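[1] One predicted model, sequence on top.
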Amino acid sequence: MKVLVINCGSSSLKYQLIDSESEKVLAKGLCERIGIDGRLTHKPTGKDTVSIEAAMPNHTAAVSLVLEHLTDPVCGVIGSLDEIGAVGHRIVHGGEKFASSTLLNDEVVAEIEKCNELAPLHNPANLIGINACKELMPNVPMVGVFDTAFHQTMPKTAYLYGLPYEYYEKYAVRRYGFHGTSHSFVSKRVAELLGKDYSELKTIVCHLGNGASVCAVDKGKSVDTSMGFTPLEGLVMGTRCGDIDPAIVEFIAGKENLDISGVLKVLNKKSGVDGLSGVGSDFRDLSKAAGEGNERAKYAIEVFCYRVAKYVGAYAAAMNGVDAIAFTAGIGENDCTIRAKVLSYLGFLGVKVDDEKNDCRGVERVISTDDSKVTALVVPTNEELAIARETVALI
Ligand code: AMP
């Protein structure tokens with residue numbers, strides 16, 4: 001079956017058409033500047049990439065353009081839309097309602113709408129994508145795959161904050177965690193690569209991209225993760241601050257003459273390694289600047305790695321041990337220096353890095369020595385494939 005995977009943002013839409021039998025990507029692409037002007041980059045496998053400026057007044061127009069390109073006689077990869085057997089949608093927040101992927105019908109969509117206030121920037125955009133596909137492909141089954149679902153197995157000890165309990169009861173304020181599709185995919189793959197039973201392994205997954213989080217997976221279940229009520233908590237990220245003393249919010253508001261939402265904008269968009277270094281959020285730029293002697297860039301990298309290592313240590317304690325530590329996403333898959341720095345803190349766990357094996361990029365590989373007590377690995381994530389698999393499994 002051919003599955004169309006859709007990841008819809010407020011002004012963008014990423015897509016992949018995946019053949020579920022061969023698990024090959026037939027085409028992928030990106031619509032940008034939806035509602036502004038519109039730009040499509042369409043990459044059919046084995047054919048030339050198409051980049052065009054095209055009017056996209058709304059998401060329905062964007063999906064319509066994607067479907068036209070998928071079926072185009074020159075740059076298309078399928079004869080007609082009838083070949084698309086299902087659509088899988090990435091949905092950021094499923095609240096406490098969705099602990100697994102779900103077939104999308106009107107009732108489910110209404111429930112997802114109720115989660116909008118928990119992810120006001122993301123969920124409404126995801127729903128717009130669902131409605132656009134429903135309008136253009138009314139008879140094709142659709143599945144919602146939630147970033148939060150994998151973490152619904154966390155125990156209360158991990159997901160409750162030290163706040164008045166009624167805030168949890170009345171407003172559902174708790175840790176939800178994100179990147180669940182990636183943490184689930186990577187932790188399963190770790191078990192396969194090590195030839196171990198998923199239900200017997202203790203794995204810590206470090207998803208280090210522009211957004212970054214660490215997850216403790218014990219016996220196939222997420223038992224703790226560093227992102228919280230929103231994706232702002234936890235690691236120091238590209239532009240997000242991660243954990244800070246909440247009292248800083250009022251202090252900075254007073255000093256900088258900002259309101260709460262102004263401070264939160266700084267914490268989300270102007271902090272992290274970008275704010276620390278003044279260089280930017282991309283680790284390639286940071287490494288270059290650090291190599292040229294930029295002290296702030298050096299510290300940004302050190303702070304980033306130290307925070308990751310602290311979480312790994314904490315999660316080894318949470319699970320009373322750890323068998324495997326996996327690195328994934330843009331930085332985790334590509335930056336051997338960052339991996340080495342993080343792992344250099346973890347000698348007390350018996351982690352020994354093999355520098356030669358660690359000198360790799362974007363491949364599945366064990367990067368620890370044969371006598372390392374904990375196996376460290378690089379495992380490239382593939383959230384689109386995970387969504388396609390979930391979609392096929394459900395329909
Ligand atoms: P993601 O959010 O997973 O797409 O990751 C994006 C981030 O990965 C970028 O902002 C970079 O910081 C980092 N990244 C991507 N490629 C490389 C690379 N070759 N070396 C180091 N960092 C990289």
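    Received, thanks. Residues are numbered from 1 along each chain as shown.

[2] Could you show which parts of the chain are in contact with the ligand?
    209-210, 238, 281-284, 329-331, 334-335 (CB under 6 Å from any ligand atom). In short, each C-beta sits where N, CA and C put it, glycine included.

[3] Including neighbour count, could the residues you listed go into CSV?
    What follows is the residues of the chain next to the ligand, written out as CSV (neighbours: other CB atoms under 10 Å):
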residue, neighbour count
209, 19
210, 17
238, 22
281, 19
282, 15
283, 24
284, 12
329, 22
330, 19
331, 26
334, 19
335, 19
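
[4] Report the closest residue of the stretch 151-300 of the chain relative to the ligand.
    residue 209 (2.4 Å; CB to the nearest ligand atom).

[5] quick one, what contacts residue 102?
    108, 143-144, 146, 394 (CB atoms under 8 Å, 6 or more residues apart in numbering).

[6] meant to ask about residue 215
    150-151, 177, 179-180, 183, 187, 204-205, 207, 222, 224-226, 315.

[7] Filter these down to the ones in helices?
    Judged by DSSP state H, helices contain the following of the contacts of residue 215: 180, 183, 187, 315.

[8] Find the nearest non-adjacent residue to the first one, please.
    For residue 180, ignoring the flanking residues on the chain, the nearest one in space by CB to CB, 6 or more residues apart in numbering is residue 150 at 3.2 Å.

[9] OK, contacts around that neighbour?
    With contacts defined as CB under 8 Å, 6+ apart, residue 150 is in contact with 177, 180-181, 183-184, 215, 222.

[10] Try it again at 7 Å.
    Residue 150 makes contacts with 180-181, 183-184, 222, as judged by CB atoms under 7 Å, 6 or more residues apart in numbering.

[11] Columns pLDDT on top of those, output as a markdown table?
    Conversion of those to a markdown table gives the following (pLDDT from 0 to 100):
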| residue | pLDDT |
| --- | --- |
| 180 | 97 |
| 181 | 97 |
| 183 | 98 |
| 184 | 98 |
| 222 | 98 |
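
[12] low-scoring stretches of the stretch 51-200 of the chain, by residue?
    For the stretch 51-200 of the chain, applying pLDDT under 70 flags no range at all.

[13] show me where it has helices.
    59-70, 106-114, 123-136, 156-159, 165-171, 180-194 (DSSP state H, counting those that start in this stretch).

[14] ok, and what's touching the fourth one?
    Looking back up the chat, that one is helix 156-159. With CB under 7 Å, 6+ apart, helix 156-159 has contacts from 174-175, 223-224.

[15] neighbour-wise, which of those residues leads?
    Most neighbours among the contacts of helix 156-159, by other CB atoms under 10 Å: residue 224, with 23 neighbours.

[16] Need the pLDDT of that residue.
    Residue 224 is assigned 98 on the pLDDT scale.

[17] repeat for residue 11
    Residue 11 is given a pLDDT of 89.

[18] Wasn't it part of a helix?
    No: counting by DSSP: H, G, I helix; E, B strand; the rest coil, residue 11 falls outside a helix, being coil.

[19] Now do the contacts for it.
    With CB under 7 Å, 6+ apart, residue 11 has these contacts: 33-36.

[20] Quick check: phi and psi on it?
    The phi and psi torsions at residue 11 (degrees, to the nearest 10) take the values phi -130, psi 20.

[21] One more: residue 215?
    Dihedral angles (degrees, to the nearest 10) for residue 215: phi -140, psi 140.

[22] Could you report the distance from the residue in the stretch 251-395 of the chain that the ligand sits nearest to to residue 49?
    Here the stretch 251-395 of the chain gets closest to the ligand at one residue, residue 330, 2.1 Å apart by CB to the nearest ligand atom. Distance, residue 330 to residue 49, by CB to CB, to the nearest Å: 21 Å.
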